[in-house]
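> Sequence and predicted structure, then a few things I'm wondering about:
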2 protein chains.
Amino acid sequence: MIVVADNLRITLPVIQQAVERFDPEPIRQMANACKAAGAQAMDINSGPLTRNPAEKMTFLVSNVRACVDLPLVLDTTNPDAMAAGLAVCNGRATINGISLEPEKLQRILPLARQTDADLVAYLLRPDGHVPADAAGRMEAAVQLFAKCEKAGITAERLIFDPIVAPLAWQDGNRQNMAVLETIRTLPDLLGTPVRTMAGLSNLTTGAPDAATRKRYQQAFLPMLAAAGTDFILMNVLDPDLMRTAKACRNITAGSIFSWQ
Amino acid sequence: MIVVADNLRITLPVIQQAVERFDPEPIRQMANACKAAGAQAMDINSGPLTRNPAEKMTFLVSNVRACVDLPLVLDTTNPDAMAAGLAVCNGRATINGISLEPEKLQRILPLARQTDADLVAYLLRPDGHVPADAAGRMEAAVQLFAKCEKAGITAERLIFDPIVAPLAWQDGNRQNMAVLETIRTLPDLLGTPVRTMAGLSNLTTGAPDAATRKRYQQAFLPMLAAAGTDFILMNVLDPDLMRTAKACRNITAGSIFSWQ
């Protein structure tokens, strides 16, 4: 189980302002803080970047890369930003990501063909909505798997994300049990050991306070770990959550156990 | 998921002394504290009770019953103590428990035949050792299931306990992944929805300090919950652990979600 920091995101005002002003300091501070907190990879969530996408993503990626040697996950729906980010990534990169949405398949999938980057595939319906259950997620996985295979992207480059649902949704708890089932059964369904990713922060969108958010994230993280999730996208700047992640890794890893 | 207090145990000096002196106050205090903390059932772990077993178990059970109306789990290897406890239980009771060990089958199983109490069946080998893996636990379950069926004890009365292993054991983490697998697959294996129980406190035997103990219990509890464990035997006097249990129940329950 690899912990991917989801902290560097354009929705944070300090990051948004830094990108607008091309001020490297807040970006580098965040990258260094995530690494110091124990992140094993970093998601760079730039959003769609409607103006100067290539320039802004180049700025983001090159500044993170200047500070940390972690694998980077480039998280944008803008193909120009994605291409620019991949060009300066200089090390292990993941494209985040595609789905059955026609626009993603047309604009992001070709970028994956041109590089050897890993590729996140979201188990969404073609209309961009979250499937109602595990069966819907499995169906999306089978279709995405076929499309990637056809495009020459091998199974070992794929990372499926079954979409953690906010618990505050009407059927949020049932959806998240479907997420666990999907992660557990996907390799068997596809007949090959594909990797999986889950975004933990999504779970607690709309939670009433920080203590509640922390409690539910700390409860769902072990469930994801036991289901065999390979990558957990999460807030690495919460030390309690990081300690939980460490404990989960020590319990689920087949290697010699250590309390530390 | 039902939380069963494991706090009333003879290994606690205050409980041991109370039993020796037939002093009801510490027993009643513990029962009331467990109920106030949110226990949904109570394990009464009297140990083997070599001297005056019937009298001591009667004392324990009747004093707990005088304070709380929770289902009681009678946890002793002594058949005289078990029979005495069942006689004064006056409400829902569970016999805890049998295993493939010949002595347990000969001395405890007949008591289950004579009452309508639920019965915990430990997935141990006939020599009393913990099986090496999930397959060994499954095999024990199949054998125990057959023996209970033959004795006229129906599947709906059975609660299988696959034995949470101390993480400090050489293969403790692997053992506990086998526990999760057993809990997940047992109903399918037996072809009937049998219930399962797990003792969480066992996990952290030998942990270096209280914070480590709490962290690992808080990480493994959600894994047990997501696997579908019906009864969690645990320390209900740890409020953090109880909050985790509540969050687990809210995530895994099929009913309407609530943050509280």
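All right, it came through fine.

> residues contacting A:Glu55?
A:Ala84 (C-beta atoms under 8 Å, 6 or more residues apart in numbering or on different chains). No exception for glycine: its C-beta is placed from N, CA and C like everyone else's.

> okay, now A:Pro48: neighbour count?
For A:Pro48, the count of nearby residues is 10 (other C-beta atoms under 10 Å in any protein chain shown).

> How about the one 5 residues further on?
One way to gauge burial is a neighbour count; for A:Pro53, by other C-beta under 10 Å, it gives 22.

> Excluding chain neighbours, what is closest to it?
A:Ala81 (3.8 Å; C-beta to C-beta, 6 or more residues apart in numbering or on different chains).

> Check which helix or strand that neighbour maps to.
helix A:79-88 (DSSP states H and E).

> residues in contact with that helix?
A:44, A:46, A:48-49, A:53-58, A:60-62, A:65, A:72, A:74, A:76, A:93, A:95, A:107-108, A:111, A:115, A:117.

> what's the distance between the residue nearest to A:Pro53 and chain B?
In this view, A:Ala81 and chain B are 35 Å apart by C-beta to the nearest C-beta, to the nearest Å.

> from what I can see A:Asn90 touches A:Val68, true?
No - applying C-beta atoms under 8 Å as the test, A:Asn90 and A:Val68 come out as separate, 11.7 Å apart.

> Neighbour count for those two, which is higher?
Neighbour totals were compared for A:Asn90 and A:Val68, and A:Val68 leads with 19 against 13 (other C-beta under 10 Å).

> Any figure for the gap between the more buried one and chain B?
27 Å.

> so how many other residues sit close to the residue in the stretch 1-150 of chain A that chain B sits nearest to?
Using C-beta to the nearest C-beta, the single residue of the stretch 1-150 of chain A nearest to chain B is A:Met1, 11.7 Å away. Using other C-beta under 10 Å, A:Met1 is surrounded by 18 other residues.

> Ok, the one 4 residues further on next?
Residues contacting A:Ala5 under the criterion other C-beta under 10 Å number 27.

> same check, this time on the one 4 residues further on
Other residues within reach of A:Arg9 by the criterion other C-beta under 10 Å amount to 17.

> Quickly note the distance from it to A:Arg65.
Look at A:Arg9 and A:Arg65: by C-beta to C-beta, to the nearest Å, they are 17 Å apart.

> cool, and A:Asp133?
A:Asp133 is 40 Å from A:Arg65, by C-beta to C-beta.

> Mind checking which of those two has more residues around it?
Remark: of A:Asp133 and A:Arg65, A:Arg65 carries more neighbours, 20 against 16, as counted by other C-beta under 10 Å.

> Spell out which helix or strand contains the residue nearest the centre of chain A, please.
Residue closest to the average C-alpha location in chain A (C-alpha atoms, centre = their mean): A:Leu233, at 5.0 Å. Assigned by DSSP H and E, A:Leu233 belongs to strand A:231-234.

> Tell me which other helices or strands that strand touches.
strand A:2-5, strand A:195-199, helix A:210-227, helix A:239-252 (3 or more C-beta pairs under 8 Å, 6 or more residues apart in numbering or on different chains; DSSP states H and E).

> Can you check what angle separates the last one from helix B:210-227?
Between helix A:239-252 and helix B:210-227, the angle formed by their directions is 70 degrees, by axes from the mean of the first three to the mean of the last three C-alpha atoms, to 10 degrees.

> If you count neighbours, what's buried in helix A:239-252?
In terms of neighbour count (16 or more other C-beta atoms under 10 Å in any protein chain shown), helix A:239-252 has its buried residues at A:Leu241, A:Met242, A:Arg243, A:Thr244, A:Ala245, A:Lys246, A:Ala247, A:Cys248, A:Arg249, A:Asn250, A:Ile251, A:Thr252.

> In TSV: those, plus distance to A:Met177.
Formatted as TSV, the buried residues of helix A:239-252 follow (distance: C-beta to C-beta, whole Å):
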residue	distance to A:Met177
A:Leu241	21
A:Met242	25
A:Arg243	25
A:Thr244	20
A:Ala245	21
A:Lys246	25
A:Ala247	22
A:Cys248	18
A:Arg249	22
A:Asn250	25
A:Ile251	20
A:Thr252	19
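
> Out of those residues, which comes closest to chain B?
A:Ala247 (4.0 Å).

> so that closest one makes contact with B:Arg213?
No - in terms of C-beta under 8 Å, A:Ala247 does not count as a neighbour of B:Arg213; the distance is 10.9 Å.

> Residues contacting the strand holding A:Leu233, please?
Contacts of strand A:231-234 (C-beta under 8 Å, 6+ apart): A:1-6, A:41, A:43, A:73, A:159, A:195-201, A:217, A:221, A:224-225, A:241, A:245.

> on that earlier part again, just the ones in strands from the contacts of helix A:79-88, please.
Among the contacts of helix A:79-88, the members found in strands (DSSP state E) are A:Ile44, A:Leu72, A:Leu74, A:Ala93, A:Ile95.

> Just put those in CSV and tack on neighbour count and pLDDT.
Shown next, in CSV, are these (neighbours: other C-beta atoms under 10 Å in any protein chain shown; pLDDT from 0 to 100):
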residue, neighbour count, pLDDT
A:Ile44, 29, 98
A:Leu72, 28, 98
A:Leu74, 27, 98
A:Ala93, 23, 94
A:Ile95, 26, 98
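
> What parts of chain A come near chain B?
A:167-168, A:172-174, A:176-177, A:180, A:207-208, A:212, A:215-216, A:218-223, A:225-227, A:243-244, A:247-248, A:250-254, A:257, A:259 (C-beta under 8 Å from any C-beta of the partner chain).

> Show the buried residues in the residues you listed.
Counted by 16+ other C-beta under 10 Å, the residues of chain A next to chain B give A:167, A:172-174, A:176-177, A:180, A:207, A:212, A:215-216, A:218-223, A:225-227, A:243-244, A:247-248, A:250-252, A:257, A:259 as buried.

> dump the residue contacts of A:Asp116.
A:Arg157.

> make it 6 Å
By C-beta atoms under 6 Å, 6 or more residues apart in numbering or on different chains, no residues touch A:Asp116.

> now A:Leu144
A:Ala121.

> Can you check my assumption that it lies in a strand?
No - secondary structure assignment (DSSP: H, G, I helix; E, B strand; the rest coil) places A:Leu144 in helix, not in a strand.

> if we can go back for a sec, how about a markdown table for the helices and strands packed on strand A:231-234, with distance to A:Ala141 and mean pLDDT added?
Compiled in a markdown table, the helices and strands packed on strand A:231-234 are given as follows (distance: least, C-beta to C-beta, whole Å; pLDDT from 0 to 100):
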| stretch | distance to A:Ala141 | mean pLDDT |
| --- | --- | --- |
| strand A:2-5 | 20 | 98 |
| strand A:195-199 | 10 | 98 |
| helix A:210-227 | 15 | 98 |
| helix A:239-252 | 22 | 97 |
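
> Now render those as JSON lines, adding distance to A:Gly152.
As requested, the helices and strands packed on strand A:231-234 are exported to JSON lines (distance: least, C-beta to C-beta, whole Å):
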{"stretch": "strand A:2-5", "distance to A:Gly152": "25"}
{"stretch": "strand A:195-199", "distance to A:Gly152": "18"}
{"stretch": "helix A:210-227", "distance to A:Gly152": "29"}
{"stretch": "helix A:239-252", "distance to A:Gly152": "33"}
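
> quick one: which of the ones you listed is nearest B:Asn32?
helix A:210-227 (26.1 Å; C-beta to C-beta).

> Can you classify A:Glu156 by secondary structure?
Going by three-state DSSP: A:Glu156 is helix.

> give me the number of residues near it?
10.

> separation between it and A:Gly85?
A:Glu156 sits 22 Å away from A:Gly85, going by C-beta to C-beta.

> Next: A:Leu123.
23 Å.

> Understood, closing this out.
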